[in-house]
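Participant: Output the structure for:
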Amino acid sequence: MGNESVKPIPSSWSVSRLDDICEILDSIRIPVNSKERNNRIEGKQREELYPYYGATGETGKIDGYLFDGDYLLLGEDGAPFLDYSKETAYLASGKFWVNNHAHVISPNKNINIRYLCEYLELLDYSDIASGSAQPKITQASLNKIKVAIPSINEQQKIASILSSIDNNIEQKQTKLTQTKNLKKSLMADLLTGRVRVNVD
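Facilitator: The predicted model follows:
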């Protein structure tokens with residue numbers, strides 16, 4: 001799916017460019033290097049700190065925020081655009097800071113933010129991202145992305161279905177992590193003789 005066309009869709013759906021259905025808020029972003037962030041948060045209480053987001057998610061904390069609300073972030077550069085198994089778009093809520101490696105997108109009232117996030121996750125960025133060493137999605141390319149849009153009710157239903165699957169995946173990943181930790185604990189006990197096995 002390139003930036004100039006979408007796959008066949010139901011006749012009741014519409015197609016719009018991203019910049020026609022969203023506000024792109026990249027001009028508000030401010031990059032702060034890790035050394036400066038560490039200096040700014042030294043001695044601060046946890047409740048005084050806010051997430052600092054980059055191309056692929058939260059990269060640390062900072063003592064201030066640029067955004068307050070629900071937004072969609074899409075990597076600008078440094079994101080795994082050509083790796084279908086990895087996320088390139090994600091949601092950020094509450095008070096947070098964004099550096100210049102992620103586009104900040106605010107959909108209009110007729111677009112479900114979760115639906116749009118899932119849609120951008122489905123895209124093939126091979127025709128959208130420029131550069132080979134470190135692919136980048138320029139704002140011009142971002143604006144041209146075309147989005148297939150069902151009714152808001154259908155968007156919400158689609159988003160709900162996919163979110164429930166995400167929740168299931170997260171629960172299974174948590175269970176897998178717990179099982180791996182249990183194995184390591186047993187290894188430490190069994191392979192040092194602290195816990196003996198019955199061999200009768």
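
Participant: Direction included, what does the helix or strand A148 falls within pair up with?
Facilitator: Element membership for A148, per DSSP states H and E: strand 146-149. Partner strands for strand 146-149, per DSSP bridges, with pairing direction: strand 14-17 (antiparallel).

Participant: following the partner strand, which helix or strand comes up?
Facilitator: Where DSSP H and E defines the elements, the next helix or strand beyond strand 14-17 is helix 18-21.

Participant: could you point out which element follows that following helix?
Facilitator: Downstream of helix 18-21, the first helix or strand assigned by DSSP H and E is strand 22-24.

Participant: Can you mark which positions in that next one are buried?
Facilitator: The neighbour-count check on strand 22-24 (16 or more other C-beta atoms under 10 Å) flags C22 as buried. Where C-beta positions appear, they are placed from N, C-alpha and C, glycine not excepted.

Participant: need the contact list for C117.
Facilitator: Counting by C-beta atoms under 8 Å, 6 or more residues apart in numbering, C117 makes contact with L72, A89, Y90, L91.

Participant: Report the buried members of these.
Facilitator: By neighbour count, with 16+ other C-beta under 10 Å, the contacts of C117 hold L72, A89, Y90 as buried.

Participant: Among those residues, which one lies nearest to V197?
Facilitator: V197 has its nearest neighbour among the buried ones among the contacts of C117 in Y90, at 45.2 Å by C-beta to C-beta.

Participant: How is the closest one assigned, secondary-structure-wise?
Facilitator: Look at Y90: counting by DSSP: H, G, I helix; E, B strand; the rest coil, its state is strand.

Participant: I figured it hits G57, correct?
Facilitator: Yes. Y90 is in contact with G57 according to C-beta atoms under 8 Å; the separation is 5.9 Å.

Participant: Check which helices and strands the helix or strand of the chain with the lowest mean pLDDT sits against.
Facilitator: One helix or strand of the chain scores below all others by mean pLDDT, DSSP states H and E: helix 34-41, with a mean of 91. Here helix 34-41 touches strand 57-62, going by 3 or more C-beta pairs under 8 Å, 6 or more residues apart in numbering; DSSP states H and E.

Participant: one step back: closest to P150 among the buried ones among the contacts of C117?
Facilitator: Closest to P150, out of all of the buried ones among the contacts of C117 and judged by C-beta to C-beta, is L72, at 17.6 Å.

Participant: Quick check: that closest one is in a strand.
Facilitator: Yes. The assignment for L72 (three-state DSSP) places it in a strand.

Participant: Brilliant, that's me finished.
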